[in-house]
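Q: sequence first, then the predicted structure, then my questions.
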Amino acid sequence: MMDRRSFMKLTAVGGGAVFISGLYGQAQAATAGKAASAYDDFYFVQLSDVHWGYSGAANPDALNTFKKTVATVNALEVQPDFIIFTGDLTHTTDDPKERRKRMAEFKEIAAGLKVKTVRFIPGEHDASLDNGAAFKENFGPTNYVFDHKGVHFIALDNVSDPGASIGDAQLDWLKNDLAKQAKDARIVVFTHRPLFDLVPKWDWATRDGDKAIALLTPYSNVTVFYGHIHQENHHMTGQIAHHAAKSLIFPLPAPGSQDKRTPLPWDAAAPNNGLGFREVEAERKDSDYKITEFPVTRT
Amino acid sequence: MDHSRRQICLRAACGIGALLSGSVINAQGQTKKVAKERVIKIQAKKFVYTPNEIVLKTGEPVVLEFTSVDFVHGFKIPDMNIRADLPPGKVTQVRLTPDKAGEYDFLCDNFCGSGHEEMSGKITVTG
């Protein structure tokens, strides 16, 4: 879904589709050394919804998909500054021991990435059944901030509560962090579920996501990258762009396109159909994010 | 969220027993007839609501009476702005009077495990 922004461009280049998103005007402010700080060109890779431990008809090749993706990322000509996994690293299990085993196996495979700055946020499959306990043991905090080359990154946790709430404490934390940022600061939010009501009947929402959006709205240059819906999706709430990533396990149907959100059938002739990862490039000269989608394997 | 677009009555379990009986006794000791509410018992269990297809009539007051077996499932009807947590070990009542015919999906919106995504159902409101 591409809507409401006439300046967004979609074109086919190299490894996949390129999607340009961002706000004009920020670059001038940054270059002039005004409130927002200047930033350098860089790019990061977003991987999402690996669901390590999944076993089922929707991906009979589940044991290999993530490993193939790691190889593809490692083969990128220019390596990214960092990699972010936007949740559902593992597939859920009721057994706490098995959950930790899956996380350990996931970490072992992820350790094969050439890039060593790798960040993680949880999905509901990782964190909702134990309020994020196993995730924290293995990957650290579920919400955090960091700065990179003039961009302020905020990782939000909307899954450790099984009811998909961010919660008042984390919203206060977000409010306090945003208070330190210039109104035109370049801000990127990572989260697992959509912050807006994409398809509530499919549980594609965050119960108090509207509160987070309200806190972010006064800032003129906010972009959200998330997962959960297992497909590329682009949506605007006010001036905030929200970009969902493909998964690395199985694709899900287009938002609201059918009664149930059952996985799309696996295609033996094209086993990685609908799966992939993305590069996100922050360019200094025009303040846009150039999003390039990549398949699991490149031929 | 537009909470006013539908006439919905969602109350906690306490204090409604008399209404369920179809009559109330007022302060003067007079018995007053009230509209009877149809009670529909629903079991919530990983990962299914039973029943998961419910037919209601427009203007019909009903009480959905939930018993959760194994988890604090979350009952949600997005298009009616209704939701309730369903803690196990107690009965949770959700009262509603649909005012518009149509199909209304409901789901569990508290992540409950590997079949959570399939835990859903449909309310059909006839004219």
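A: Cool, got the structure. Because the structure is predicted, anything quoted here is derived from the model rather than measured.

Q: which residues touch residue 55?
A: By default, I'm working from chain A. By CB atoms under 8 Å, 6 or more residues apart in numbering or on different chains, the contact list for A:S55 reads A:A62. Placement of C-beta: from N, CA and C, glycine included.

Q: wrong chain, I was asking about chain B
A: B:V55 touches B:I123, B:T124, B:V125, B:T126, counting by CB under 8 Å, 6+ apart.

Q: swap in A:F190?
A: With contacts taken as CB under 8 Å, 6+ apart, A:F190 has the following neighbours: A:I84, A:T86, A:R119, A:I121, A:F153, A:I154, A:A155, A:L156, A:V224, A:F225, A:Y226.

Q: can you give me the strands for the stretch 151-299 of chain A?
A: Here the stretch 151-299 of chain A has its strands, by DSSP state E, counting those that start in this stretch, at A:151-155, A:186-190, A:222-226, A:233-237, A:240-244, A:277-282, A:288-294.

Q: partners of the fourth one, with directions?
A: Put plainly, it is strand A:233-237. With DSSP bridges as the criterion, the sheet partners recorded for strand A:233-237 are strand A:240-244 (antiparallel).

Q: farthest pair in the contacts of B:V55?
A: Distances among the contacts of B:V55 were taken as CB to CB; the most separated pair is B:I123 and B:T126, at 10.6 Å.

Q: which neighbours do the two have in common?
A: Residues touching both B:I123 and B:T126 (CB under 8 Å, 6+ apart): B:V55, B:L56.

Q: show me the shaky parts of the stretch 101-250 of chain A.
A: Residues of the stretch 101-250 of chain A meeting the criterion pLDDT under 70: none.

Q: to clarify, my last question referred to chain B.
A: Counting by pLDDT under 70, chain B contains low-confidence ranges at B:1-35.

Q: any chance you could map the helices in it?
A: For chain B, applying DSSP state H gives helices covering B:17-21.

Q: B:E60: neighbour count?
A: With neighbours defined by other CB atoms under 10 Å in any protein chain shown, the count for B:E60 comes to 16.

Q: what does stretch A:136-148 contact?
A: Contacts of stretch A:136-148 with the rest of the structure, by CB under 8 Å, 6+ apart, involve A:42, A:81-82, A:89, A:100, A:103-104, A:107, A:119-122, A:127, A:132, A:135, A:152-157, A:159-160, A:170, A:173, A:177.

Q: hmm, A:D88 is touching A:Y226, no?
A: No. A:D88 is beyond contact range of A:Y226, at 11.0 Å (criterion: CB atoms under 8 Å).

Q: any shared contact partners between these two?
A: A:S48, A:H192.

Q: near chain A, from the contacts of B:V55?
A: Taking CB under 8 Å from any CB of the partner chain, there is no overlap between the contacts of B:V55 and the neighbourhood of chain A.

Q: that older thread, closest one to B:R95 among the strands of the stretch 151-299 of chain A?
A: The stretch from these with the least distance to B:R95 (CB to CB) is strand A:233-237; that distance is 32.9 Å.

Q: which residues of the stretch 1-150 of chain A lie near chain B?
A: Of all the residues in the stretch 1-150 of chain A, those in contact range of chain B (CB under 8 Å from any CB) are A:H91, A:T92, A:T93, A:D94, A:E124, A:S128, A:L129.
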